[in-house]
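K.L.:
This is a predicted model, with the sequence first.
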Amino acid sequence: MSSYSLGAYPRTRLRRNRHDDWSRRLVAEHTVTSADLIWPVFVQPGDGARQPIASMPGVDRLTVPQLIDAAGEAAALGIPCIALFPATEAELKTEDGREAWNEQNLICQAVRELKRQLPDLGVLCDVALDPYTSHGHDGLLVDGRVTNDRTIEALVKQSLAQARAGCDVIAPSDMMDGRIGAIRDALDGEGFEHVRLMSYAAKYASAFYGPFREAIKSKRASNQPVDKRGYQMDPANGEEALREVAFDLADGADMVMVKPGLPYLDIIRRVKDEFHVPTYAYQVSGEYAMLRGAIDQGWLDERVVLEALLGFKRAGADGVLTYFAVEAAKRLKAG
Ligand code: PBG
């Protein structure tokens with residue numbers, strides 16, 4: 001705020017600019033457009049019907065052909081990029097998650113098909129082992145704890161498989177130390193220097209991921225949530241997020257992400273102010289569930305969707321991963 005006087009009532013009236021729609025639009029500081037949105041989609045094997053996810057009403061798991069149709073609609077609405085997450089069959093889940101680097105796995109098949117049919121739509125793939133491990137952790141367990149350096153070796157293999165399938169953006173969500181540099185080197189070593197890295201740099205150990213774990217079927221039989229506090233960040237920490245982001249940028253991240261979104265808007269702002277790099281928010285499954293649930297009950301008007309997305313932009317995000325992407329793009333188009 002500048003130090004000279006910004007005026008005083010009654011000559012100055014802040015309501016004047018709010019008086020009409022045209023002047024409200026003229027003074028608007030931020031906007032959300034479809035180009036700000038990345039759409040996360042859950043992919044299922046086979047050729048059955050769309051499968052609803054109980055805790056995310058309106059979000060279904062899609063087979064590859066259903067994904068192609070949905071992605072075509074998203075692209076036509078101006079959404080630049082989609083993010084893929086697999087619902088892996090229980091038989092393919094193992095202690096070491098080796099299905100993650102099987103080049104014929106569901107994600108690699110989906111990427112190949114998307115790039116064949118919709119070459120201009122960006123495809124982002126999550127890198128972490130949790131959709132593929134029987135225990136639901138993002139990495140390899142040794143004595144009940146996720147081990148860092150051996151997990152990185154697995155993540156490198158997973159990233160290469162995705163890049164060979166044609167993935168445009170590799171997005172490591174595992175929070176191992178040093179994985180960005182290792183993945184960058186491996187990609188460059190195979191001639192994938194154009195493949196972008198979006199780091200889930202400041203990812204918190206959050207209870208807001210609950211519905212996602214149902215979506216990718218990584219919920220355990222015990223129904224006890226998997227405790228990821230040994231690698232994901234403590235929600236109490238802000239300074240540490242800046243250190244994580246600095247670390248990943250130094251290792252070659254092209255874009256960084258803060259996750260979850262709404263309870264961490266302060267982190268988005270601090271990251272943007274400190275580093276001035278492309279910064280993304282992930283409005284996670286629990287945030288979707290809260291808004292969707294309240295809208296479906298009639299407790300909140302659906303305008304909350306665009307308001308929340310605008311909040312991320314105002315906080316400094318360049319874009320948002322959101323399950324509302326298609327719905328929001330339609331609303332934006334309708335004006
Ligand atoms: C997996 C991963 C998670 C999400 C994205 N990638 C879950 C987790 O870390 O447990 C959460 C997304 C969401 O809740 O929408 N590493």
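P.N.:
Looks like it arrived, so ask away.

K.L.:
contacting residues for the nearest residue to residue 58 once chain neighbours are set aside?
P.N.:
Distances taken as Cβ to Cβ, 6 or more residues apart in numbering place residue 292 nearest to residue 58, at 6.0 Å, with adjacent residues excluded. Placement of C-beta: from N, CA and C, glycine included. Neighbouring residues of residue 292 by Cβ atoms under 8 Å, 6 or more residues apart in numbering: 56-58.

K.L.:
now residue 44
P.N.:
Counting by Cβ under 8 Å, 6+ apart, residue 44 touches 51, 61-63, 86-87, 106.

K.L.:
what about the spatially closest residue to it that is not a sequence neighbour, neighbour count?
P.N.:
Once flanking residues are discounted, residue 44 sits nearest to residue 61: 4.0 Å by Cβ to Cβ, 6+ apart. Neighbourhood size, residue 61 [other Cβ atoms under 10 Å]: 23.

K.L.:
where does residue 61 land on pLDDT?
P.N.:
pLDDT for residue 61: 98.

K.L.:
Same check on the one 3 residues further on?
P.N.:
pLDDT for residue 64: 98.

K.L.:
ok, it touching residue 109?
P.N.:
Yes - because the distance of 6.1 Å satisfies Cβ atoms under 8 Å, residue 64 is recorded as touching residue 109.

K.L.:
Return the residues of the stretch 151-300 of the chain in contact with the ligand.
P.N.:
173-174, 209, 212, 228, 284-285 (Cβ under 6 Å from any ligand atom).

K.L.:
quick one, what contacts the nearest residue to residue 37 once chain neighbours are set aside?
P.N.:
Distance criterion Cβ to Cβ, 6+ apart; nearest residue to residue 37, sequence neighbours excluded, is residue 325 at 4.2 Å. Residue 325 makes contact with 34, 37-40, 74, 79, according to Cβ under 8 Å, 6+ apart.

K.L.:
Need the max-distance pair from these.
P.N.:
Within the contacts of residue 325, 34 and 40 form the most distant pair, 15.3 Å apart (Cβ to Cβ).
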